[in-house]
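Visitor: Dropping a prediction and its sequence here:
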Amino acid sequence: MTGGSEHIVKSFDEELKQLSQVIAQMGGLAEAQRQMAIDALSRRDSDLASEVVQHDARINALENQVDSMTVRMLALRQPMAQDLREVVAALKISGAIERIGDYAANVAKRVLTLSQLPQVRPVHAIPRMGRLAQELLKEVLDAYVDHDAEKALRVWQRDEELDEMYTSLFRELLTYMMEDPRNITPCTHLLFIAKNIERIGDHATNIAETIHFLVRGRPLEATRPKGDESSYTVVTPGDSGRSGGS
């Protein structure tokens, strides 16, 4: 290999390293945003919720930076094989992280309304969902940094736990709304919050699939495990909730 070729390879490696660092920075911000949103819900803290909404622009700016970096690398470097997967994976993962930040901001917006309403009991189940989503997000971001396909696969498998928690909470919230019409408004906002958290788990799973392809060079062949049965949930007066399909 000539000196010029070595320089090109080293330069490209540095660009990939910088790209990975921006992704890691985005991930750290998304983790913080999600945690702050759940804390704001638990404490009924409107100021903290407003801070989450305002900070969402930081993640968006970093996604734009990733877009610019990847387009430049694809145009000028014309990477192949593993290098191409690195660039494409970064582009896809940044998009997923940006959506996670959006969902955290959406939770915070609901908190601003909930803080003005009487508190209902199911609100205490939300932080449990939030903690699991945080675990999945942290683990999948670690898997990206470490290029660890096995760790990514474990995140992919655990998303079903989050789906099951969401289905259970969905049923509980419907029951509360039927028991007392005064619960309808706060429980509706909690339903949207729970769905946003469930979607954070889905995007963590998408990242896990991208990591698997990045490391192994092939997509996951198994069917994604799903535990969300809320679409088939039926709750009737005097019933704690049951599931049924049509």
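Guide: Yep, it's here. Numbers count the residues shown, from 1 in each chain.

Visitor: Tell me the pLDDT of the residue nearest the centre of the chain.
Guide: For the chain, the residue lying nearest the average C-alpha position, counting by C-alpha atoms, centre = their mean, turns out to be residue 200 (2.8 Å). Predicted confidence (pLDDT) at residue 200: the value is 96.

Visitor: what sits against it?
Guide: With contacts defined as C-beta atoms under 8 Å, 6 or more residues apart in numbering, the neighbours of residue 200 are 34, 100, 103, 104, 133, 136, 137. In short, each C-beta sits where N, CA and C put it, glycine included.

Visitor: what's the answer for residue 141, then?
Guide: With C-beta under 8 Å, 6+ apart, residue 141 has these contacts: 24, 27, 28, 31, 207.

Visitor: Toward the C-terminus, what is the element adjacent to the longest helix that the chain contains?
Guide: Ranked by number of residues, the top helix in the chain under DSSP state H is helix 3-43. Sequence-wise, the next helix or strand beyond helix 3-43 is helix 46-77, with elements assigned using DSSP states H and E.

Visitor: Give me the number of neighbouring residues for residue 10.
Guide: Residue 10: 10 surrounding residues under other C-beta atoms under 10 Å.

Visitor: What's the separation between it and residue 19?
Guide: Spatial separation of residue 10 from residue 19 under the definition C-beta to C-beta, to the nearest Å is 15 Å.

Visitor: related to what we said a few turns ago, how is the residue nearest to the centre of the chain assigned, secondary-structure-wise?
Guide: The assignment at residue 200 comes out as helix when based on DSSP: H, G, I helix; E, B strand; the rest coil.

Visitor: Can you tell me the element the residue nearest to it when sequence neighbours are not counted falls in?
Guide: Spatially, and ignoring its direct neighbours in sequence, residue 200 is nearest to residue 133 (4.7 Å; C-beta to C-beta, 6 or more residues apart in numbering). Assessed by DSSP H and E, residue 133 sits inside helix 126-146.

Visitor: What are the buried residues along that helix?
Guide: Buried residues in helix 126-146, counting neighbours by 16 or more other C-beta atoms under 10 Å, are found at 126, 129-130, 132-141, 143-144.

Visitor: And these, which is closest to residue 48?
Guide: Sorting the buried residues of helix 126-146 by how near they are to residue 48, with C-beta to C-beta, puts residue 130 at the top with 13.9 Å.

Visitor: That closest one - nearest residue in space that isn't next to it in sequence?
Guide: residue 38 (3.8 Å).

Visitor: now residue 50
Guide: Counting by C-beta to C-beta, 6+ apart, residue 50 lies nearest to residue 112, which is 6.9 Å off, once chain neighbours are set aside.

Visitor: that older thread, can you tell me which two in the contacts of residue 141 are farthest apart?
Guide: Longest distance between any two of these is 14.1 Å, between 28 and 207; criterion C-beta to C-beta.

Visitor: Show me which of the two is the more surrounded one.
Guide: When residue 28 is set against residue 207 and neighbours are counted by other C-beta under 10 Å, the residue ahead is residue 207, at 29 against 14.

Visitor: Isn't residue 33 up against residue 101?
Guide: Yes. Under the contact definition of C-beta atoms under 8 Å, residue 33 touches residue 101, with a separation of 5.5 Å.

Visitor: Give me the common contacts of these two.
Guide: Contacts common to residue 33 and residue 101, judged by C-beta under 8 Å, 6+ apart, are 56, 59.
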